[in-house]
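In: coords below, sequence missing:
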Ligand code: SAH
Ligand code: SF4
């Protein structure tokens, strides 16, 4: 593998023969794994801890800057490790402050992440897969052919990259801009459970980024066995992409429902270990005109989740090219929201963010590819006309 060209500070950032060599990303390794590799090349264990702090607490990527490690150790560590971030290929800032980055992985695949600033928090929405194997009928990501899991390093890499961009180092500083993480970008996180688990462990561990599990939310279409594991092993907040309250309709909108139907899903969420009035499950419900947006649906929804500490998130459907669905009317959304509010759930309509830069739910990645293709076409045309 070729290491991407980047400004190198001094010869410490070169291999023995002066060329870049294949190195392992530190961003996806546990402390134990780093220690094992460090001692395997004959360095003392404490060098692993020093290196770890530079990477995870200070966000350093250039081994040349890690002076406390000593020149020889830095040189040896550079031979086997790197802390490179995914490459940013596009960055857009919305009028409302939302920032969207298009990032490229080593194999050229692209994913997006979005930062959403609010009064009391700053939320980073990250991806867990390139594409998605599930085929929810209203979701653009589900129409993409190519799918692969993101590696733990690619998942943590998104967060570290956002912290670089937002000036959030050292980790845990008081006025940090990134305070919350949601796994609501591309992909089904519970179909990449091991990768997500490892990445979240690094993000949540005190000596990693130290982000509280209360500030991490995982959104799933309802992979029941992994929801159980997620509750037991990670204890993060849960968001469920519900979207329908009858099996017949949910089979169509969220086809995984054929495997784990509503009763199985609701029973499993009811048992989710960390739920309380302070930590409620979020039910995501995309509002699609004439499909799932009637007052009867709203009443059935509140009945279905009765007794579970819940928040309801009504998401206006974001249309994409080729979809047969339309977003519900404002009146239908208001009427639906009113029924939900009457049942005791506060302000349930999700405010669309970053719409001017196509950063809204279900618009991720494929739209950018489309935009960039059309931009390229315009560029080619301008060249031809020149
Ligand atoms: N695969 C996971 C997480 C990613 S999708 C899941 O399905 O939960 C994040 C959220 O965006 C989900 O609730 C999903 O249903 C919603 N979404 C997908 N396409 C959408 C669209 N076109 N308009 C509005 N929301 C959409
Ligand atoms: Fe996959 Fe979620 Fe889209 Fe369904 S809604 S296709 S699970 S990303």
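Out: Here it is on my side, so go on. From a predicted model like this one, the values you see are computed outputs, not experimental measurements. Numbering: from 1, shown residues only. Ligands and ions are numbered 1, 2, ... in the order given.
In: Within range of ligand 2, give me the residues from this structure.
Out: 132, 134-136, 139, 141-142, 187-188, 221, 241 (Cβ under 6 Å from any ligand atom). Glycine gets a C-beta too; all of them are placed from N, C-alpha and C.
In: which one of those is nearest residue 93?
Out: Nearest to residue 93 out of the residues of the chain next to ligand 2 is residue 141 (Cβ to Cβ; 22.8 Å).
In: Please tell me the pLDDT value assigned to the closest one.
Out: Note on residue 141: pLDDT of 85.
In: mind putting the residues of the chain next to ligand 2 in a markdown table, neighbour count and secondary structure included?
Out: As requested, those are exported to a markdown table (neighbours: other Cβ atoms under 10 Å; DSSP: H, G, I helix; E, B strand; the rest coil):
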| residue | neighbour count | secondary structure |
| --- | --- | --- |
| 132 | 21 | coil |
| 134 | 21 | coil |
| 135 | 12 | coil |
| 136 | 23 | coil |
| 139 | 24 | coil |
| 141 | 25 | helix |
| 142 | 21 | helix |
| 187 | 29 | coil |
| 188 | 28 | coil |
| 221 | 26 | coil |
| 241 | 26 | strand |
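In: could you dump those to TSV with distance to residue 213?
Out: Converted to TSV, these look like this (distance: Cβ to Cβ, whole Å):
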residue	distance to residue 213
132	24
134	25
135	30
136	27
139	27
141	26
142	28
187	20
188	20
221	21
241	20
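In: Reformat the residues you listed as JSON lines; add distance to ligand 1.
Out: Output for these, formatted as JSON lines (distance: Cβ to the nearest ligand atom, whole Å):
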{"residue": "132", "distance to ligand 1": "6"}
{"residue": "134", "distance to ligand 1": "7"}
{"residue": "135", "distance to ligand 1": "11"}
{"residue": "136", "distance to ligand 1": "6"}
{"residue": "139", "distance to ligand 1": "4"}
{"residue": "141", "distance to ligand 1": "7"}
{"residue": "142", "distance to ligand 1": "8"}
{"residue": "187", "distance to ligand 1": "6"}
{"residue": "188", "distance to ligand 1": "4"}
{"residue": "221", "distance to ligand 1": "4"}
{"residue": "241", "distance to ligand 1": "4"}
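In: Centre of the chain to the helix or strand encompassing residue 36, how far?
Out: Assigned by DSSP states H and E, residue 36 belongs to helix 31-40. How far helix 31-40 lies from its chain's middle: 28 Å, per Cα atoms, centre = their mean, to the nearest Å.
In: before we move on, the earlier item: show me which of the residues of the chain next to ligand 2 has the smallest pLDDT value.
Out: For those, the pLDDT minimum is residue 142, 82.
In: which of the residues of the chain next to ligand 2 lies closest to residue 211?
Out: residue 187 (20.1 Å).
In: The closest one and residue 150 touch, don't they?
Out: Yes - using Cβ atoms under 8 Å, residue 187 is in contact with residue 150, at 7.2 Å.
In: before we move on, the earlier item: toward the C-terminus from the helix holding residue 36, list the very next helix or strand.
Out: Next along from helix 31-40, by DSSP H and E: helix 45-52.
In: Low-confidence regions, the stretch 1-150 of the chain specifically.
Out: Residue ranges of the stretch 1-150 of the chain with pLDDT under 70: 1-21.
In: Between residue 187 and residue 150, which contacts overlap?
Out: 127-130 (Cβ atoms under 8 Å, 6 or more residues apart in numbering).
In: what about the strands in this structure?
Out: Counting by DSSP state E, the chain has strands at residues 24-25, 81-82, 87-93, 99-104, 110-117, 122-125, 129-130, 148-149, 180-183, 216-220, 237-241, 281-287, 310-316.
In: And the furthest pair within the shared contacts of residue 187 and residue 150?
Out: 128 and 130 (9.4 Å).
In: Give the residues shared as contacts by those two.
Out: 150, 186-187.
In: Can you tell me, leaving aside adjacent residues, what's nearest to residue 322?
Out: residue 143 (7.7 Å; Cβ to Cβ, 6 or more residues apart in numbering).
In: cool, and residue 220?
Out: residue 190 (4.8 Å).
In: that older thread, and the strands of the chain: which comes nearest residue 300?
Out: strand 281-287 (11.4 Å).
In: what's the domain layout of the chain?
Out: Split into domains by automatic domain parsing, the chain comes to 5-82, 87-370.
In: Could you identify which of the ones you listed is most buried?
Out: Stretch with highest mean neighbour count among the domains of the chain: domain 87-370 (a mean of 18; mean count of other Cβ atoms under 10 Å).
In: Let me see the ranges of the helices in the protein.
Out: 31-40, 45-52, 71-80, 152-166, 193-204, 224-233, 247-253, 262-270, 295-304, 330-342, 366-385 (DSSP state H).
In: Tell me which of those lies nearest to residue 96.
Out: helix 152-166 (16.0 Å).
In: what inclination does the closest one have with respect to strand 99-104?
Out: Counting by axes from the mean of the first three to the mean of the last three Cα atoms, to 10 degrees, helix 152-166 lies at 140 degrees to strand 99-104.
In: Just the mean pLDDT for helix 152-166, thanks.
Out: 98.
In: residues making contact with it?
Out: Under Cβ under 8 Å, 6+ apart, the answer for helix 152-166 is 25-29, 59, 84-86, 88, 91, 99, 101, 103, 105, 111, 113, 115, 122, 124, 126-128, 168-169, 171, 176-178, 181, 195-196, 198-200, 202-203, 209.
In: now stretch 303-316
Out: 239, 245, 262, 266, 269-270, 275-277, 279-287, 301, 327-328, 333, 336-337, 340, 345-346, 348-350, 352, 361.
In: Any regions of the stretch 201-350 of the chain where pLDDT drops low?
Out: Residues of the stretch 201-350 of the chain that meet the cut-off, pLDDT under 70, sit at 347.
In: Around ligand 1, pick out the residues from it.
Out: Counting by Cβ under 6 Å from any ligand atom, the stretch 201-350 of the chain sits next to ligand 1 at 219-221, 241, 284, 286, 315, 317-318.
In: Among the residues you listed, find me the one that's closest to ligand 2.
Out: Using Cβ to the nearest ligand atom, residue 221 comes nearest to ligand 2 of those, at 3.7 Å.
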